[in-house]
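Visitor: build me a model from this:
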Amino acid sequence: MSKKSINSILKRSTLIIISTILFSFISIIIVTEYYLFQKNYEDEKQLIEDEKKLFLKSAVKNVKAYLDHEETSSENKMKLKLQNAVNNAINQANSIYTQNKGRKTNTEIKALIKSALSGIRHFDNRGYIYIIDLQGNLIMYPFCTSAEGSNILGVESPSGESIISEQIKAIKNKEETFHTYLWHKPWLKDSILYPKTSFVKRFKQFDWLIGCGEYIDDHNIATKEHAINYLKSSYSPKDWNLFINHYDGTSIIINSDKYKAGVNIKDISSDNGLKIFKEELKIAQSGNADYLYYNWPINETEFTAKLACIDGFEKWQWMIGASSSLKQFNDIELQRMQSFYQMSWLRIILLIILSIPLMFIILGQFRRTTGKFKSELSMLFNQIESAVFKDKKITNTEFQTKEFHQLSDNINKLLNQHFKNINALKESEEKFRILVEYAPLTILGLDNNGTIQIWNKQCESFFDLSKKEVMNQKVPIDKVFTGDQKERVQNKILENDPEFKLFPINLKNGKLAYQYWASFRVSEDLLIWVGSDVTELKNTEKELKKSRNFLDTLLESIPSPIFYKNTDGIYLGGNRAFFNLIEMDPEEVIGKGVFDLYTEDLANVYHEKNLEVFKGNYQQYDLEYHKEGQNLRNFTCYNALFKNQDEQVEGLIGVLLDITDRIKFETELQNKQEELKALNATKDKFFSIIAHDLINPFNVMLNSGEMLAESVNENDMQGVQEMIELLNPAIKNAYDLLLNLLEWSRAQTGTIKFLPQKTNICDDLQSAIKLMSGMAKAKNINLIFEKTENPEVCLDVNMLQTITRNLISNAIKFTPEGGQIKVYTNSYTDYLQLCISDNGIGMDNATKDNLFKIDKSTSKKGTNDEPGTGLGLLLVSDFVKKHGGKITVISELGKGTDVSVWFPTKQ
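Guide: Residues are numbered from 1 along each chain as shown. Modelled structure (predicted):
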């Protein structure tokens, strides 16, 4: 690449600067003129556009006013025709009525009127006469004669309006009225509702409502056609275009070679994708006229810009618009741009011609200046070269320009700093040499050939090789290393690896060491290896690891949970029992505090306890630990501090001793003691009741026995008979009481074995009932067994019969003579019901609630003063519980009692 002089560079730079200034000046002039041109053009364009908008808006407004006038005139004409049609019908009806009044019946006259009016049609056969009386009965309806005679007062239009009711209500007030509503066209099969206007008038002779109607859209067809023809002929499409579209997209008036009237233009788009009709419809339905800019398609590829004013005519669902082409704006802009370009080129040529003499003047001055600059610059370079090689300063008195004089002073300052830096570098190199030589690290330096350039004291000591033996020599790998280490060192000796890595080193001199080594590329031709000996640290680490393994094994072998924390309450570790207790892995716990692991309430408790320990207190407390889905566990927690070799507190260690089983055992023991006390108290009370009930029959037997002996001695047979009658029930009562007591005591002591077996319950009940029939018969009680079915269930037959006997005996006891007791069974899905139902004296709720409680049982006499203890019911309760069943009692005073035993069928 050829080198250029400063003179040529400055010359070129000057030309570039002049050209740039000239170009910038021309550009500013052109841009300014273009801005003014654009502003004038935009102002003129806006003025023309505003005039167009006013004209188009006025045109739309006039068209809308014309259509409104036509629609109003059409509506008035339609109402006049309806009124004339109904009045003519009324006149005909009056004439028929007048002619036939007194000669024919009202029924015949009505028939004549219907006959005369039914064939009348108006509005191209769309309009007809209909008659309804004031009660809502349909008298005449030409379109559906089958509906005549029906009442249509409640009939509503599909829109929900009560049309007939409204018309009748109106003519009652003012004799005649117009009514507009929505209705189907009977000659069409669609479901569309159309607006319809009817005129109705009262025919007083028969209180009839006579009416005729016309559909507004049908009547407006001719009006719309007239309006369309008028509008087409009323304007010239030379300067603007009138267009009318229906809201459904059908074009009504359109000025286009591509689209004709009647075509649906809903999907027409401009060249930028704008849906033209959709945007026009938004404006038309907004209620306010507005403007729209769009590009209208002339053919498949060409579009023309247009401005349109649009408004809506809601009565006919028409969109009215007036549009004008914006093509003239493009023509005006094109003419102005051509004029602008011509004037701009003239100005550019003139400026270039004027600038040529100026450029020659500037170039002449430039030559003189660059010559002087070149001379002084050459002098400066010579002095700099002399100063660098001869260590002397530049002489600035020889320079004539102020800038070169200042530059020489600055260069002298730099030279002074350069000389200082050289001296400092020499001192730094000496310090570095001493630092490397006596550093407590093994440091050696290699060039790119692997030749040793640095070998410090530590290298001499570790490798047993002096500096004289190795300097400027290859690394003595064979002399120093053994085995596989030779190849490893040979492969890595010239690698740049600044990351310290641990290497176990075996030297030929017998040394075994652990050292961290890293290499650093300090320059292109020097690689320094640095090694740090950690042999003692490694040996200490091995000993610590042995000790730690022993402690970990000891810790893991302890079944109690153990944990330890630092002084900040952060977990440092724990044994497996601890992590199993809290159901977390060590990684989830170590490094976290109690607030990270437990609920806030529990964490606050643990935190407060930890603070107490760190105050120097040995700690022992009980706590409850509960995890969701597990049973509550009780622990005694022992916390103590642990310290380092300097007696500084490092943290705390905690041991959790599980005392759940001990607390459970103590609680169960206490509960058993309380239960035993309660049972003893209950049995004491129960036995006092039994003793009291046993005394009564024995007193009777003793007294009756003495009296019986006296009667026998006196040969008083009647007295003997009376005493025997007293003794017999007393003995039987005592026997029954002792029998129940014996069975109950056997049940309590477990000597009665529970032997359930499959049996047909009705057969077993039959035998028990048979045993009790004599007792029932003695009180003239009707004992009935309703045998519906004989299911097979698993029961202890002996216990079943004992249950049945006691319940029937109890029912007999509390049922008066002449009463009735029913025994029956019912089978359910899970239970078999055995029910003993009587119509006896019944019981209150307090008695019912205490029936089967041993501590509440009291004897109560039956209807014939039969004694009792309630022991039989206790026996029943125990036997039912053995079957896993239950007892329910339904009773009211004076209304009898139903006792049901429920035996489970699935065992």
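
Visitor: low-confidence stretches in the stretch 201-350 of the chain?
Guide: Scanning the stretch 201-350 of the chain for pLDDT under 70 picks out 237, 328-341.

Visitor: strands of that one, residue ranges please.
Guide: Using DSSP state E, counting those that start in this stretch, the strands found in the stretch 201-350 of the chain span residues 208-215, 241-246, 251-253, 290-297, 303-313, 318-325.

Visitor: okay, now the sheet partners of the longest one, with direction.
Guide: Right, the one you point to is strand 303-313. The strands beside strand 303-313 in its sheet (DSSP bridges) come out as strand 290-297 (antiparallel), strand 318-325 (antiparallel).

Visitor: right, so of those strands, which gets closest to L512?
Guide: L512 lies closest, by CB to CB, to one member of the strands paired with strand 303-313: strand 290-297, at 92.7 Å. For glycine as for every other residue, the C-beta is placed from the backbone atoms N, C-alpha and C.

Visitor: domain ranges for the protein, per the record?
Guide: 235-325, 445-538, 558-658, 753-907 (automatic domain parsing).

Visitor: possible to save the ones you listed as TSV with mean neighbour count and distance to I139?
Guide: Listed next are the domains of the chain as TSV, based on neighbours: other CB atoms under 10 Å; distance: least, CB to CB, whole Å:
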stretch	mean neighbour count	distance to I139
domain 235-325	16	34
domain 445-538	14	113
domain 558-658	14	84
domain 753-907	17	71
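
Visitor: centroid-nearest residue for this structure?
Guide: T599 (26.0 Å; CA atoms, centre = their mean).

Visitor: gap between that one and E583?
Guide: 14 Å (CB to CB, to the nearest Å).

Visitor: same check, this time on K278
Guide: From K278 to E583 the distance is 66 Å (CB to CB).

Visitor: could you do L765 as well?
Guide: L765 is 57 Å from E583, by CB to CB.

Visitor: what's the answer for N245, then?
Guide: 77 Å.

Visitor: and G885, by the same measure?
Guide: The separation that G885 has from E583, given CB to CB, amounts to 43 Å.

Visitor: next one: W183
Guide: 79 Å.

Visitor: wait, isn't A116 in contact with I90?
Guide: No: using CB atoms under 8 Å, A116 is not in contact with I90, being 11.8 Å away.

Visitor: the stretch 51-200 of the chain: helices as residue ranges?
Guide: 106-117, 163-174 (DSSP state H, counting those that start in this stretch).

Visitor: what residues does the first one touch?
Guide: Spelled out, it's helix 106-117. Identification of contacts with helix 106-117 by CB atoms under 8 Å, 6 or more residues apart in numbering yields 89, 92-93, 96-97, 100-101, 104, 129, 131, 139-140, 206, 210.

Visitor: okay, the helices of the stretch 51-200 of the chain in CSV with mean pLDDT next?
Guide: Listed next are the helices of the stretch 51-200 of the chain as CSV, based on pLDDT from 0 to 100:
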stretch, mean pLDDT
helix 106-117, 90
helix 163-174, 85
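
Visitor: nearest to G312, of those?
Guide: Using CB to CB, the nearest of the helices of the stretch 51-200 of the chain to G312 is helix 163-174, at 29.1 Å.

Visitor: what angle do the helix or strand harbouring L47 and strand 241-246 make?
Guide: Using DSSP states H and E, the element containing L47 is helix 6-100. Angle, helix 6-100 to strand 241-246, by axes from the mean of the first three to the mean of the last three CA atoms, to 10 degrees: 60 degrees.

Visitor: tilt between helix 6-100 and helix 106-117?
Guide: Going by the same axes, to 10 degrees, helix 6-100 makes 140 degrees with helix 106-117.

Visitor: for helix 6-100, what is the average pLDDT?
Guide: Mean per-residue pLDDT for helix 6-100: 79.

Visitor: so how far is that helix from its chain's centroid?
Guide: Helix 6-100 has its C-alpha centroid displaced from the chain centroid by 51 Å (CA atoms, centre = their mean, to the nearest Å).

Visitor: ok so, going back, would you format the domains of the chain as a markdown table with distance to T145 included?
Guide: Formatted as a markdown table, the domains of the chain follow (distance: least, CB to CB, whole Å):
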| stretch | distance to T145 |
| --- | --- |
| domain 235-325 | 35 |
| domain 445-538 | 110 |
| domain 558-658 | 83 |
| domain 753-907 | 69 |
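
Visitor: out of the ones you listed, which is closest to T369?
Guide: domain 445-538 (45.2 Å).

Visitor: show the average pLDDT along that closest one.
Guide: 84.

Visitor: what's the first-to-last distance across that domain?
Guide: Across domain 445-538, the terminal residues are separated by 27 Å (CA to CA, to the nearest Å).

Visitor: what residue ranges in the stretch 601-750 of the chain score low on pLDDT?
Guide: 628-629, 678-706, 708, 720, 722-723, 725-750.

Visitor: the same query, at a cut-off of 90, please.
Guide: Counting by pLDDT under 90, the ranges of the stretch 601-750 of the chain that qualify are 601-650, 652, 654, 656-750.

Visitor: for the stretch 401-550 of the chain, what spans make up the strands?
Guide: Under DSSP E, counting those that start in this stretch, the stretch 401-550 of the chain gives strands at 442-446, 452-455, 501-506, 512-523, 526-533.

Visitor: before we move on, the earlier item: got the angle for the helix holding L47 vs strand 208-215?
Guide: Using the same axes, to 10 degrees: helix 6-100 against strand 208-215 is 150 degrees.
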